[in-house]
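Enquirer: A predicted structure for the sequence below; I have some questions about it.
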Amino acid sequence: MRMTKLGKYHWLTFWSSHEVDQQIRTLKHVTSNKSQDETIHLIDIIRWVYENTQQATWDGLHHWSTQSLSYQQKVNAFQHVQWANSEQQFTFNLLQELATHCLEPEWIKKILASSSDEEQQRELQREVEQQVEEERQHQRPIPVSPQKPKLHDAVKQLCSVDSSMLDLESLTEVFRRIPFAFNGSTFSQDCQPSSWQKNIWISTEFQKVIKTLGESLDPFLRPPRWIVVYRNQHVIFVSAYEANWLINQLKTEFSMKKTDQSFTTTLRLLLPRIKHDQSILVNTPTLTIPPSIVSHGISPFIIPNEWLVKLLIFNGTLYFETVDEQEAYCQCLGVCPKPRTKIENDAFESGWILVDGFIPQEEHRLLLQKHGCRFTANPLRFIQKLIENRNASHAPRTSH
């Protein structure tokens with residue numbers, strides 16, 4: 001830069017990186033015998049520039065001397081060439097002699113080649129280790145045979161408007177409560193079967209994905225996408241094969257039904273909310289089958305949050321639409337989210353609330369007004385594994 005003489009009220013400010021600042025302060029402490037003054041003065045900057053220049057000179061000395069020696073060897077090699085003589089002949093012997101005198105020391109090339117080979121070997125080793133780790137983490141499941149789908153008569157009867165209500169609990173060959181979906185997988189050990197809503201079911205066809213031979217079903221858990229809201233009292237997860245039949249049948253029943261009657265059985269699509277501001281469609285009245293359109297003052301049935309949070313847990317949802325939805329989710333799991341109130345902070349300091357937010361003791365939940373918890377043991381490890389399985393991605397243990 002161009003240096004100018006500073007006049008009155010002129011200032012010169014030096015800006016440096018954090019690394020340079022630390023070097024200046026270290027050099028100041030080493031060379032100064034005065035009291036510990038943290039302020040950097042002009043003399044400290046000049047001292048750093050001097051030391052840095054001196055060190056750079058010493059670091060480059062070997063390179064410069066090597067280059068100088070190489071240049072002098074080339075000058076000596078060409079001193080016998082008569083450049084002004086137009087009759088100068090460059091014979092084979094002359095060129096070979098020039099090459100011999102100008103040749104760089106062979107040992108330097110060997111060292112550089114050896115160093116390069118070692119670095120390439122280390123890089124190759126790292127790549128191989130990374131590939132092995134990726135193959136271990138993404139190990140594909142063994143080949144299996146798919147289960148042949150079946151449509152039970154009891155599933156067909158779900159669409160009937162005029163018949164009496166089915167006793168789902170007695171139809172164990174067709175309907176089972178939701179923990180049955182984890183049978184044959186490692187999730188069955190952690191799902192705490194008694195903690196789930198009694199009115200949330202799955203069809204046995206929903207659970208049957210492959211013909212099992214004793215292998216773990218973790219990689220073959222069916223994505224929960226279709227639910228039947230049965231008589232506005234039960235929620236049943238069904239397979240895509242069953243949903244395909246129910247779509248046509250429910251549309252037919254709806255077209256034959258009188259418009260002043262309430263249709264209380266609907267098929268709905270349930271999506272996991274894996275990003276902000278995403279609709280999960282399950283409570284969108286116009287997208288249910290048949291459509292839940294307001295008629296004669298009868299409002300469409302909206303799945304309450306108390307039921308909905310169980311569906312969100314089951315399908316691996318990551319985000320919430322409303323604060324009420326989040327509160328119901330945390331109540332169900334017995335979790336105290338952040339930011340905490342003063343009372344909750346005092347409870348955390350007293351050990352009532354664990355680091356991950358779970359409240360293990362029932363009496364503490366009641367005092368903290370977390371009375372909606374349905375799990376007796378900490379479910380967060382199970383929730384984390386289920387989210388990872390549903391979304392094929394890593395899920396942190398704490399998210400609040």
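Expert: Happy to help now that I have it.
Enquirer: under the pLDDT cut-off, which ranges of this protein? List them.
Expert: 1-4, 33-36, 104-118, 133-141, 258-262, 294-298, 396-400 (pLDDT under 70).
Enquirer: need the longest helix for it.
Expert: Using DSSP state H, we find that the single longest helix of the chain is helix 42-77.
Enquirer: just the buried residues of that helix, please?
Expert: Residues 44, 47, 48, 77 are the ones in helix 42-77 that count as buried (16 or more other CB atoms under 10 Å). For glycine as for every other residue, the C-beta is placed from the backbone atoms N, C-alpha and C.
Enquirer: check stretch 219-226 too.
Expert: 220, 221, 222, 224, 225, 226.
Enquirer: give the contact list for the residue lying closest to the first one once chain neighbours are set aside.
Expert: Once flanking residues are discounted, residue 220 sits nearest to residue 209: 4.6 Å by CB to CB, 6 or more residues apart in numbering. Residue 209 makes contact with 146, 147, 217, 220, 221, 222 under the criterion CB atoms under 8 Å, 6 or more residues apart in numbering.
Enquirer: and those, which two are furthest apart?
Expert: Farthest-apart pair in these is 146 and 221; separation 14.2 Å (CB to CB).
Enquirer: which stretches of the stretch 201-350 of the chain form strands?
Expert: 226-230, 234-238, 266-269 (DSSP state E, counting those that start in this stretch).
Enquirer: CA atoms of the last one as PDB?
Expert: Yep, that's strand 266-269 we're talking about. Output in PDB follows, covering the C-alpha atoms of strand 266-269 (Å, rounded to 0.1, in the frame of the first residue of the first chain):
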ATOM      1  CA  THR A 266     -63.900 -42.500   6.300                       C
ATOM      2  CA  LEU A 267     -60.600 -43.500   4.700                       C
ATOM      3  CA  ARG A 268     -57.800 -41.000   5.200                       C
ATOM      4  CA  LEU A 269     -54.200 -40.500   4.100                       C
END
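Enquirer: quick one, phi psi at the most far-flung residue of the chain relative to its centre?
Expert: The C-alpha centroid of the chain is most remote from residue 87, which lies 77.1 Å away (CA atoms, centre = their mean). Dihedral pair for residue 87: phi -90, psi 10, per degrees, to the nearest 10.
Enquirer: how close does it get to residue 81?
Expert: Between residue 87 and residue 81 the distance is 12 Å, computed by CB to CB, to the nearest Å.
Enquirer: got it, and residue 129?
Expert: In terms of CB to CB, residue 129 sits 56 Å off from residue 81.
Enquirer: kindly report the same for residue 267.
Expert: Taking CB to CB, one finds residue 267 at 95 Å from residue 81.
Enquirer: looking at those two, which one has more neighbours?
Expert: Relative neighbour count places residue 267 above the other of residue 267 and residue 81, with 22 against 11, counting by other CB atoms under 10 Å.
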